[in-house]
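Enquirer: here's my sequence, what's the structure:
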Amino acid sequence: MGATLAGVATGIGSLPGTDIDAAMAATFDALPDLPHIPELPGRGPGADIIGRTAARLAGLGIDRTPSGWRLVDRPGLDQRAAQQLLEADLDALLPVAGPGYDGSLKLQLAGPWTLAASVDLPRGGAALGDSGAVRDLVASLAETAREHVADVRRRVPGAQLVLQLDEPSLPAVLAGRVRTQSGLGTLRVPEETDVVAALGQVVDSVDVPVAVHCCAAQPPLRLFRSAGAAVVGIDLTLGDVDRDGLGEVIDGGGVVWLGVVPSLGPGIPPIARDVAAPVRRLWHELGFDAEQLPAAVGVTPACGLAGASPGWVATAYRLLGQVARALSEAPEGVS
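Expert: Coordinates of the predicted model:
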């Protein structure tokens with residue numbers, strides 16, 4: 001049995017609060033078809049997607065600075081603390097899933113290009129500006145991904161795992177919008193072949209399906225698929241959708257996760273019919289048969305929910321479950 005990728009509701013990763021046990025239990029309860037390991041950045045440095053990925057980088061030292069994280073010669077106290085925090089988060093799987101759990105489960109890491117744009121060199125400035133540092137980061141992240149999957153598998157050996165790589169900074173990298181340390185210039189734009197190769201190196205390093213998620217505008221969907229992603233995830237609420245790219249992903253057998261629920265509560269909660277409507281409209285514009293939709297689409301929040309209230313998180317996950325069921329059971333309309 002493989003992991004369930006389409007016809008599901010799942011989260012992006014981050015949630016509010018500081019109680020990992022409560023967050024883990026709530027995620028498994030609300031998203032039974034594809035729960036995810038929560039990230040709780042409200043706990044401080046090392047709990048967000050950049051910090052927890054950087055802290056796990058195999059063979060590289062990372063240190064905390066006032067502005068973020070930087071590469072150093074050897075691991076420091078901040079890196080070890082972040083590593084221990086992640087280990088505790090993974091241990092929180094056991095009371096919820098248990099060793100007998102055999103359902104799908106999603107885990108998340110920052111993608112290589114977002115990491116290169118977010119982690120600084122020892123002398124300052126993003127690692128993206130140093131091609132050698134980028135190569136080291138990519139190689140280390142590939143090994144980290146293998147280790148992370150293995151760590152989760154040891155705890156829940158029967159789980160059908162999915163790895164999500166978050167690449168919110170990749171559109172800025174490709175557009176030359178990542179600033180130099182002085183802020184007066186921008187860093188070089190890598191060749192697209194190098195971007196694909198680096199992302200593909202990480203994708204190929206694991207033996208589980210990989211989803212590449214980007215909630216920024218204009219995500220490079222074709223690039224994600226060229227790198228081997230089984231799933232591409234985007235924020236549908238932004239409205240600027242690359243329909244040709246989405247069509248190619250679906251035609252090629254890929255799955256699309258569409259972010260349809262706002263990351264912050266809109267005041268009056270929407271109803272499932274209204275949340276599903278943009279998905280149906282997009283599907284119609286793409287020209288695919290309605291019956292194909294459940295096998296190619298999943299739904300998520302627009303982006304992470306770390307800034308949301310606990311009440312909105314519960315509402316958002318409930319809505320997503322309703323929408324996923326409606327799209328699977330009644331492709332032509334929500335009853």
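
Enquirer: how close does residue 259 get to residue 110?
Expert: Counting by CB to CB, to the nearest Å, the separation of residue 259 from residue 110 is 18 Å. Just so you know, the C-beta spots here come from the backbone N, C-alpha and C atoms, and that holds for glycine as well.

Enquirer: the two: which has the busier surroundings?
Expert: Ranked by neighbour count (other CB atoms under 10 Å), residue 259 and residue 110 place residue 110 first, with 26 against 22.

Enquirer: which SS state does the closest residue to the more buried one other than its chain neighbours fall under?
Expert: Spatial nearest neighbour of residue 110, excluding adjacent residues (CB to CB, 6 or more residues apart in numbering): residue 53 at 4.1 Å. Assigned by DSSP: H, G, I helix; E, B strand; the rest coil, the conformation of residue 53 is helix.

Enquirer: now do the one 5 residues further on
Expert: Applying three-state DSSP to residue 58 yields a three-state assignment of coil.

Enquirer: residue 165 now?
Expert: Here residue 165 is recorded as strand under three-state DSSP.

Enquirer: what about it, distance to residue 8?
Expert: From residue 165 over to residue 8 (counting by CB to CB), the distance is 18 Å.

Enquirer: pick out whichever of the two has more residues nearby.
Expert: For residue 165 against residue 8, the residue with the higher neighbour count under other CB under 10 Å is residue 165, and the figures read 29 against 26.

Enquirer: ok, and the closest non-adjacent residue to the more buried one?
Expert: Sequence neighbours aside, residue 111 is the residue nearest to residue 165 in space, at 4.0 Å (criterion: CB to CB, 6+ apart).

Enquirer: and the pLDDT at that neighbour?
Expert: Each residue has a pLDDT score; the one for residue 111 is 98.

Enquirer: burial count for it?
Expert: The tally of other residues near residue 111 (other CB under 10 Å) stands at 31.

Enquirer: got it, and residue 318?
Expert: Neighbouring residues of residue 318 were enumerated by other CB under 10 Å; the total is 15.

Enquirer: show the contacting residues for it.
Expert: Listed by CB atoms under 8 Å, 6 or more residues apart in numbering, the contact set of residue 318 reads residue 30.

Enquirer: flag every buried residue along stretch 321-330.
Expert: For stretch 321-330, a neighbour-count test (16 or more other CB atoms under 10 Å) marks 321, 322, 323, 324, 325, 326, 327, 328 as buried.

Enquirer: secondary structure element for the third one, which one?
Expert: Element membership of residue 323, judged by DSSP states H and E, is helix 310-329.

Enquirer: and residue 180, how far from residue 126?
Expert: In this structure, residue 180 and residue 126 are 8 Å apart, going by CB to CB.

Enquirer: so for the two, which residues contact both of them?
Expert: Counting by CB under 8 Å, 6+ apart, the contacts common to residue 180 and residue 126 are residue 187.

Enquirer: neighbour-wise, which of those two wins?
Expert: When residue 180 and residue 126 are compared on other CB under 10 Å, the one with more neighbours turns out to be residue 126, at 24 against 15.

Enquirer: ok, that one - contacts?
Expert: The contact partners of residue 126, taken as CB under 8 Å, 6+ apart, are 116, 117, 118, 119, 120, 178, 181, 187.

Enquirer: make JSON lines from those residues and add secondary structure, pLDDT and distance to residue 141 to it.
Expert: Putting the contacts of residue 126 into JSON lines (DSSP: H, G, I helix; E, B strand; the rest coil; pLDDT from 0 to 100; distance: CB to CB, whole Å) gives the following:
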{"residue": "116", "secondary structure": "helix", "pLDDT": "97", "distance to residue 141": "9"}
{"residue": "117", "secondary structure": "helix", "pLDDT": "96", "distance to residue 141": "13"}
{"residue": "118", "secondary structure": "helix", "pLDDT": "95", "distance to residue 141": "12"}
{"residue": "119", "secondary structure": "strand", "pLDDT": "95", "distance to residue 141": "10"}
{"residue": "120", "secondary structure": "strand", "pLDDT": "95", "distance to residue 141": "16"}
{"residue": "178", "secondary structure": "coil", "pLDDT": "92", "distance to residue 141": "18"}
{"residue": "181", "secondary structure": "coil", "pLDDT": "85", "distance to residue 141": "22"}
{"residue": "187", "secondary structure": "coil", "pLDDT": "90", "distance to residue 141": "19"}
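
Enquirer: any chance of a PyMOL selection covering the buried ones in those?
Expert: The following PyMOL line selects those of the contacts of residue 126 that are buried, judged by 16+ other CB under 10 Å:
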select buried, resi 116+117+118+119+120+178+187
